[in-house]
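A.B. asks: Sequence and computational prediction follow.
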Amino acid sequence: MTTIASSELIINNDGSVFHLHIKPDQLADNVILVGDPGRVELVSSFFEKIENRNASREFVSATGEYKGKRITVISTGIGTDNIDIVMNELDALANIDFETRSAKKTHKRLRILRIGTTGAIQPDIPLGSYILSHISVGCDGLLNWYKGRERVTDKEIEASFIKHTGWLKELPDPYFVSASPLIIEAMEDFTIPGVTISASGFYAPQGRVLRLPLAMPEMVEKLESFRFANYRITNFEMEGSAIAGLATLLGHDAATVCCVIANRHLKESQPDYKGYVKKLIELSLDRI
């Protein structure tokens with residue numbers, strides 16, 4: 001039995017995991033991830049009862065019950081670097097014995113759904129619609145740090161994508177990773193199937209220009225025109241690739257669903273999007 005050193009898995013004095021400040025018995029098997037800490041209150045407002053709340057930095061959480069299902073909602077902040085923390089600590093809460101600091105003999109499979117907002121890049125995707133990322137495209141390089149990356153990604157589509165976009169050698173190698181088929185099946189009746197770019201930033205990595213010029217000035221157009229079999233790039237967000245990739249490596253079911261609040265091709269946005277997000281939360285809670 002391998003013991004995990006205290007420097008590798010830091011446990012707080014109250015028995016909670018280091019960043020999330022959640023104790024193992026406070027985590028439900030069904031997990032909703034949101035970027036904005038303020039959105040935890042919105043999601044948990046649907047719960048019939050709440051067992052506990054925790055907060056540390058941008059990581060705010062609540063565990064409660066919705067229509068007889070125990071659910072935990074956690075805010076992650078922005079970016080795949082935060083997702084690296086969240087996914088590893090969620091798995092530790094589920095599959096590591098904090099007393100012995102060793103992996104449990106029986107693996108627990110979590111069901112994890114990120115609910116967020118997104119910008120579409122295809123002209124036929126309407127504002128207020130919901131995109132479920134069947135495939136997430138990691139442009140951040142995070143998954144490349146983990147052994148087994150090649151087992152959960154699609155090399156053929158990656159090679160085609162690199163060639164079509166003229167991907168710069170200075171950038172991290174992109175990776176394509178699929179969402180959980182179980183979650184796709186549960187949500188496909190009200191969502192648009194997506195191939196989603198998980199960008200490593202909001203401005204240049206998504207083709208936005210303020211005062212600094214872009215290294216890939218035609219990137220958005222190249223993404224819009226990319227085709228591989230029946231796949232096309234549908235939208236931008238910033239966390240889904242790390243969620244899908246780490247979940248698959250760790251043995252969990254995960255996916256990302258986002259409300260479209262802007263269309264980059266049409267240069268349109270929907271500033272009054274909160275009602276659409278609220279409806280997406282309710283639909284997602286019913287399906288997870």
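C.D. replies: Arrived safely.

A.B. asks: Run through who's touching the lowest-mean-pLDDT helix or strand in the chain.
C.D. replies: The helix or strand of the chain with the poorest confidence is strand 268-269; it has a mean of 84 (mean pLDDT, DSSP states H and E). The contact list for strand 268-269 (CB atoms under 8 Å, 6 or more residues apart in numbering) reads 127, 261-263. All C-beta atoms are positioned from the backbone trio N, CA, C, and that covers glycine.

A.B. asks: for stretch 85-104, same thing?
C.D. replies: Contact partners of stretch 85-104, identified using CB under 8 Å, 6+ apart, comprise 1-6, 9, 11, 15, 17-20, 22-24, 27, 29, 31, 33, 59, 74, 76, 107-108, 110, 112, 242-243, 246-247, 250, 252.

A.B. asks: Quick one: mean pLDDT for that stretch?
C.D. replies: Averaging pLDDT along stretch 85-104 gives 98.

A.B. asks: mind listing what the least confident helix or strand of the chain pairs with, with the direction of each?
C.D. replies: Next to strand 268-269 in the sheet, as set by DSSP bridges, lie strand 253-263 (antiparallel).

A.B. asks: Now do the buried residues in the partner strand.
C.D. replies: 253-263 (16 or more other CB atoms under 10 Å).

A.B. asks: now do stretch 86-99
C.D. replies: Counting neighbours by 16+ other CB under 10 Å, one finds that the buried residues in stretch 86-99 are 86-87, 89-96, 98.

A.B. asks: rewinding a little: show me how far the least confident helix or strand of the chain is from its chain's centre.
C.D. replies: 23 Å (CA atoms, centre = their mean, to the nearest Å).

A.B. asks: Next, the angle strand 253-263 makes with the helix or strand following it.
C.D. replies: The helix or strand immediately downstream of strand 268-269 is helix 274-287, counting by DSSP states H and E. Inter-element angle recorded for helix 274-287 and strand 253-263: 160 degrees (by axes from the mean of the first three to the mean of the last three CA atoms, to 10 degrees).

A.B. asks: Buried by neighbour count: which residues of helix 274-287 qualify?
C.D. replies: Within helix 274-287, the residues that qualify as buried by neighbour count (16+ other CB under 10 Å) are 276-278, 280-281, 283-285, 287.

A.B. asks: Which residue ranges of the stretch 1-150 of the chain form strands?
C.D. replies: Per DSSP state E, counting those that start in this stretch, the stretch 1-150 of the chain has strands spanning 30-34, 49-56, 59-66, 69-75, 96-97, 102-103, 111-120, 130-138. These are given in chain order.

A.B. asks: Throw the ones you listed into a markdown table and include distance to Glu268, thanks.
C.D. replies: Below are those laid out as a markdown table (distance: least, CB to CB, whole Å):
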| stretch | distance to Glu268 |
| --- | --- |
| strand 30-34 | 24 |
| strand 49-56 | 36 |
| strand 59-66 | 31 |
| strand 69-75 | 28 |
| strand 96-97 | 46 |
| strand 102-103 | 49 |
| strand 111-120 | 9 |
| strand 130-138 | 16 |
